[in-house]
Structures are given as structure tokens and as C-alpha cells.
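J.: only geometry, no sequence info:
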């Protein structure tokens, strides 16, 4: 089981590298789409990256409620610890 801080660091590093943003721009209360400059296509890429890294499944309904990095961290952490 991954500790939550390690999970957050892994997510931040992966997203910063993939979407070419500074890791310091990724904070718990930051909006994911705004911070990573996502359109609908790159949002799908982000979901695929997260699913692949953490072996979790993010459904369409869940994507709609994951607006900030904090909600993303919580969602992945909960999925990994079910």
C-alpha cells in the first residue's frame, strides 16, 4: 500500500512531465484542467496515464467530479485501498 504523500508526489511528477508544467504549479486546490491546460482530448490522456500508473479505473461520472488535484489524490488513494 502506497503512503498518500508518496502517491501525491508520484502523481505530480507524472503529470508535470506529461503535460509540461512546473510541479510547483500542481497544488491540492488547483483546478486540474486549468493547471494542465487540458481540453477534452488531453483530459482523456490524463485519465489513461493515471489508470495505467496506478491500476485504477476512472469512470466518466467520476471524471466530472474530480475538479482539483486534491479530489484526484483522494479518489486514487481510495481506489487503491478498497
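T.: Nice, I can see it. Values in this document were obtained by computation on a predicted structure and should not be read as measured data.
J.: model confidence over stretch 46-56, on average?
T.: Mean pLDDT, stretch 46-56: 96.
J.: give the buried residues for that stretch.
T.: 46, 47, 49, 50, 54, 56 (16 or more other C-beta atoms under 10 Å). Quick note: C-beta positions are derived from backbone N, CA and C, even for glycine.
J.: stretch 73-81 now?
T.: Buried, per 16+ other C-beta under 10 Å, within stretch 73-81: 73, 75, 76, 77, 79.
J.: checking my notes, residue 71 in a helix, right?
T.: Yes - under DSSP: H, G, I helix; E, B strand; the rest coil, residue 71 sits within a helix.
J.: mind listing what it touches?
T.: Residue 71 sits next to residue 65 when contact means C-beta atoms under 8 Å, 6 or more residues apart in numbering.
J.: list of residues touching the helix or strand of the chain with the lowest mean pLDDT?
T.: Across the helices and strands of the chain, mean pLDDT, DSSP states H and E gives its lowest value to helix 60-65, namely a mean of 92. For helix 60-65, the external contacting residues (C-beta under 8 Å, 6+ apart) are 43, 47, 71, 75.
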